[in-house]
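Novice: coords below, sequence missing:
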């Protein structure tokens, strides 16, 4: 085994591209690890933590691209060539659209004078500066970058509000604008339901459930997960509600979020209450049941909220297949488990999907731990072993620091699946698979070997290990939803029809 390190001076690639390229590089034959990243202090620290110490890395500047490849000696030259091809994007199909690159936002604005939207995907240290330029040029902004300070976020969103613009983000991973998915998104039909989401996969789940129940999406506006904090005050959420209220294509507004600060929830509900259209709200984990406004309905859970939204849009509720919970299945699974098997281990790519399952468990179970738990006594760090019922958001910054998101590179989760199977007290491993634009091209296919190994480990000690999965996607997505589900079923995996049902089934299996 040998290591190749190279530095490409003044070669910038955005984080979305680097995540996708890293996944492809790690799949090259003979490569045991490939790390591609800009030479920021954070990325250098990540390299140091995995034992990469080299003067070239130390001397590299934030504008430089670092390439580190660990590969078998005999295959190293081929691996370097393959990674070079990936970086050169030579794997694009013939006839693919040629990318036009601009060195600055100003040059891009000059070349595309009619543009009104800018996606910012740079290192977080520079994101606020670029977003400010875009806002001052009269453009709406989506900030994919994370590690932007609360102070910068508040300043940017206040500036946008004053200019009649909107800032989506920072750390905003999902949007659908005029039918075009941006960053992570699913292929859904156009329609009359406008979504404002303070979470990426929560917004994706909302759009997919709307599609599944026969509705369509007019716009999907992301806000970034910190928007509903006390510090930010829901600026983008409220501006998004008002934008959808003014949009002639939108007939129903659908709000999805993790639990907001109480005073911010009041402000959001007041804005929803002043809208001229029906508003469906799901604050996952919140105990609120009444909005106080005639046009605003609070519905717990993404699936029930999507049903309420499509019914409000004019679809006959009696025609819907609501995918009720499979109670005979619950009894069947319980009968397979031994008395010693008591616990759920949830391994999630999507933070909101993790939240929804965790909140379902908390309603009936004790000892629910997570890296995103609100109870400080039940918080687990990414490096800690699971205990009792554990739900991990593996897309959280603790897991993704210096690594691609698990929706792109699932390698960390694959190892964790096998590790959880070694615990004889585990009854259920629950997980999500997210399809669509920006995600791994075959998330189920790369996970099946780990699932089979986990089941074999349990079988060797005479136990049944229940693997429960939810595939977030539509019939219009690539890869095909039916194919992904079919592979899981062939491997003996139980399929949940929604994020809501995933959490309820996992809980009921062990109650």
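Specialist: Yep, that arrived. Because the structure is a prediction, the values reported are computed rather than measured.

Novice: and the helix or strand harbouring residue 335, average pLDDT?
Specialist: In this assignment (DSSP states H and E), residue 335 forms part of helix 327-336. For helix 327-336, the mean pLDDT works out to 97.

Novice: Give the buried residues for it.
Specialist: 330, 333 (16 or more other CB atoms under 10 Å). C-beta coordinates here come from the backbone N, C-alpha and C atoms, glycine included.

Novice: moving C-terminal of that helix, what's the next helix or strand?
Specialist: Next along from helix 327-336, by DSSP H and E: strand 343-348.

Novice: What ranges in the stretch 401-511 of the chain fall below the confidence cut-off?
Specialist: 401-402 (pLDDT under 70).

Novice: in it, which spans are helices?
Specialist: Counting by DSSP state H, counting those that start in this stretch, the stretch 401-511 of the chain has helices at residues 411-421, 443-460, 481-490, 499-510.

Novice: which stretch among those comes nearest residue 160?
Specialist: helix 499-510 (30.3 Å; CB to CB).

Novice: Now do the helices in the stretch 1-150 of the chain.
Specialist: 15-26, 41-49, 55-59, 76-87, 105-111, 124-136, 150-162.

Novice: can you put these in CSV and add mean neighbour count, distance to residue 67 and mean pLDDT?
Specialist: Below are the helices of the stretch 1-150 of the chain laid out as CSV (neighbours: other CB atoms under 10 Å; distance: least, CB to CB, whole Å; pLDDT from 0 to 100):
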stretch, mean neighbour count, distance to residue 67, mean pLDDT
helix 15-26, 20, 9, 79
helix 41-49, 15, 11, 81
helix 55-59, 12, 10, 93
helix 76-87, 17, 7, 90
helix 105-111, 13, 27, 90
helix 124-136, 19, 21, 93
helix 150-162, 17, 30, 97
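
Novice: Reformat these into a markdown table and put distance to residue 3 next to each item.
Specialist: Formatted as a markdown table, these follow (distance: least, CB to CB, whole Å):
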| stretch | distance to residue 3 |
| --- | --- |
| helix 15-26 | 14 |
| helix 41-49 | 11 |
| helix 55-59 | 11 |
| helix 76-87 | 9 |
| helix 105-111 | 37 |
| helix 124-136 | 28 |
| helix 150-162 | 37 |
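
Novice: Ok, which of those helices comes nearest residue 331?
Specialist: Of these, nearest to residue 331 by CB to CB is helix 15-26, at 40.2 Å.

Novice: Look up how far residue 204 lies from the residue lying closest to residue 438 once chain neighbours are set aside.
Specialist: Once flanking residues are discounted, residue 438 sits nearest to residue 184: 4.1 Å by CB to CB, 6 or more residues apart in numbering. From residue 184 across to residue 204, the span is 7 Å (CB to CB, to the nearest Å).

Novice: Which of those two has more residues huddled nearby?
Specialist: residue 204 (35 against 28; other CB atoms under 10 Å).

Novice: Look at that one and tell me its secondary structure.
Specialist: helix (DSSP: H, G, I helix; E, B strand; the rest coil).

Novice: on that earlier part again, so which residues make contact with the helix holding residue 335?
Specialist: 464, 466, 494, 505, 508-509 (CB atoms under 8 Å, 6 or more residues apart in numbering).

Novice: I'd assumed residue 256 was in a strand, is it?
Specialist: Yes. The assignment for residue 256 by three-state DSSP puts it in a strand.

Novice: my guess is it meets residue 305, correct?
Specialist: Yes. Between residue 256 and residue 305 a contact is recorded at 6.9 Å, counting by CB atoms under 8 Å.

Novice: Looking at these two, which one has more neighbours?
Specialist: Per other CB under 10 Å, whichever of residue 256 and residue 305 has more neighbours is residue 256, with 28 against 25.

Novice: circling back: look at the residue nearest to residue 438 and report its pLDDT.
Specialist: Confidence score, pLDDT, at residue 184: 91.

Novice: surely it meets residue 408?
Specialist: No. Applying CB under 8 Å as the test, residue 184 and residue 408 come out as separate, 9.1 Å apart.

Novice: Pull the number of nearby residues for residue 67.
Specialist: 19.

Novice: Provide a list of residues in contact with it.
Specialist: With CB under 8 Å, 6+ apart, residue 67 has these contacts: 4-8, 34-36, 83, 87.

Novice: Understood, closing this out.
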